[in-house]
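sequence and computational prediction follow.
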Amino acid sequence: MKVAAYYNLHKHTFSLQSRDKETYGKVIDHTDHIILKNCKFVVRESGRQKVLKEKKKNVHAFVVGDIIESVYPDNTKKGNGYVKYNPFKAGHFITEEGKRIDSAEVVVLRKGHNNKPLIGAYYK
């Protein structure tokens, strides 16, 4: 099942929006941990501009992918590490090295210390 995952600041967990035709955009679940494959990192620029203007966060950045339960990526040929998003620094997700990242083979979303989201990725 394809979902758009984002960190819910009010519930302190990840919200999953359906990307199925019949239920597109509907929040179908909340979770502290999920693994997605064939992922795209999506930032809606209009939402980012609203954050910059109002200095108030809103939902505008997602990881879109297919839910899986286990994964064994071939990380000998790809990069891997944490990725992050900060609307005040860039209009896209970045790797730990500060490089833009738009997609990944596999993404692991989980809550870290102090309920902050951690996004680990296996990417090309």
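It's in.

now the helices for the protein?
Assigned by DSSP state H, the chain shows helices spanning 45-54.

centre-most residue in this structure?
Val63 (3.2 Å; C-alpha atoms, centre = their mean).

please name the bridge partners of that one.
Ala5, Phe41 (DSSP bridges).

for the worst-scoring helix or strand of the chain on mean pLDDT, enumerate the helices and strands it packs against.
In the chain, no helix or strand scores lower on mean pLDDT, DSSP states H and E than strand 79-84, which sits at a mean of 87. Here strand 79-84 touches strand 93-95, strand 117-123, going by 3 or more C-beta pairs under 8 Å, 6 or more residues apart in numbering; DSSP states H and E. Heads up, the C-betas are built off the backbone N, CA and C, glycines and all.

could you export those strands as JSON lines, including mean neighbour count and mean pLDDT?
As requested, the helices and strands packed on strand 79-84 are exported to JSON lines (neighbours: other C-beta atoms under 10 Å; pLDDT from 0 to 100):
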{"stretch": "strand 93-95", "mean neighbour count": "20", "mean pLDDT": "95"}
{"stretch": "strand 117-123", "mean neighbour count": "20", "mean pLDDT": "89"}
